[in-house]
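Student: whatever this is, show me its structure:
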Amino acid sequence: MREIILDTETTGLDRKTDRIVEIGCVEVFDFLPTGRTYHQYCNPLQPVSKEAFAVHGLGDVFLSTKPTFKRIHNRFLSFIEGATLVAHNAPFDMGMINAELDRLGLPPLKNEVVDTLELAKRVHPRRKHTLDALCSVYNIDKSRRETHGALLDSELLAQVYIELRGGRQFGMQLDLLGGDEAEEMTKPARQRPIPLPSMVSDDERAAHRAFVAELGNGAVWRDYV
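Tutor: Numbers count the residues shown, from 1 in each chain. Next up is the predicted model:
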């Protein structure tokens, strides 16, 4: 299953008037990062609010040299096409993206969406559910996160999401949860190992058959020919 872990940074919190200034995406397939990412700064064509600047540190001068959402939207839509989108407080990110698409006369996203904030509330009902708090729960290194950044936050969220789904630390996670909470978690099914090709040549196989034939009908090696 292909999923895109996604985050946006914006000029503010109002989808009707504020604009996207950064998009970060990390591709995950069957709960494993593939190494493919998408990252883009956007010129919002309007000032960044002081409150938003304090969160992500992206200023008007820096953003004025970047392409607008109109110029980059095709590549973004191509990257996320057909994938389930995963975001922390997904209604906000989806709302901002759909508002940008609406300004271009385009339809809203049709992708399935997973909100890791709601998922975290179910898995850890008595804990804090910020990205920083969840990184601490799963011992994920967040030392680079001095300010919010869409790509860095997507990379951290990808690790959190895999753990919330019962990933690499499944056993440890069950120890942290109560019985009822643990039952909610589903461990991803293991894939069957891919069989390795035989290293025995046809000549070696024929020689082995001839040798076994000389041992008589009672030879145990006949079972392995």
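Student: now the helices for the protein?
Tutor: 50-56, 60-63, 69-80, 90-103, 116-123, 131-137, 150-164, 170-176, 179-183, 202-213 (DSSP state H).
Student: so what does the third one touch, helix or strand wise?
Tutor: Put plainly, it is helix 69-80. strand 2-10, strand 20-29, strand 32-41, helix 90-103 (3 or more CB pairs under 8 Å, 6 or more residues apart in numbering; DSSP states H and E). In short, each C-beta sits where N, CA and C put it, glycine included.
Student: who touches it?
Tutor: 4, 6, 19-20, 23, 25, 27, 38, 40, 42, 44, 100-101, 104, 106, 109, 111 (CB atoms under 8 Å, 6 or more residues apart in numbering).
Student: got the angle for that helix vs strand 20-29?
Tutor: 10 degrees (axes from the mean of the first three to the mean of the last three CA atoms, to 10 degrees).
Student: could you do the fifth one as well?
Tutor: Note on geometry: by the same axes, to 10 degrees, helix 116-123 and strand 20-29 are set 50 degrees apart in direction.
Student: pLDDT on helix 116-123, on average?
Tutor: For helix 116-123, mean pLDDT is 96.
Student: same question, the longest one
Tutor: Helix 150-164 shows a mean pLDDT of 94 in the predicted model.
Student: what angle separates it from helix 90-103?
Tutor: Using the same axes, to 10 degrees: helix 150-164 against helix 90-103 is 140 degrees.
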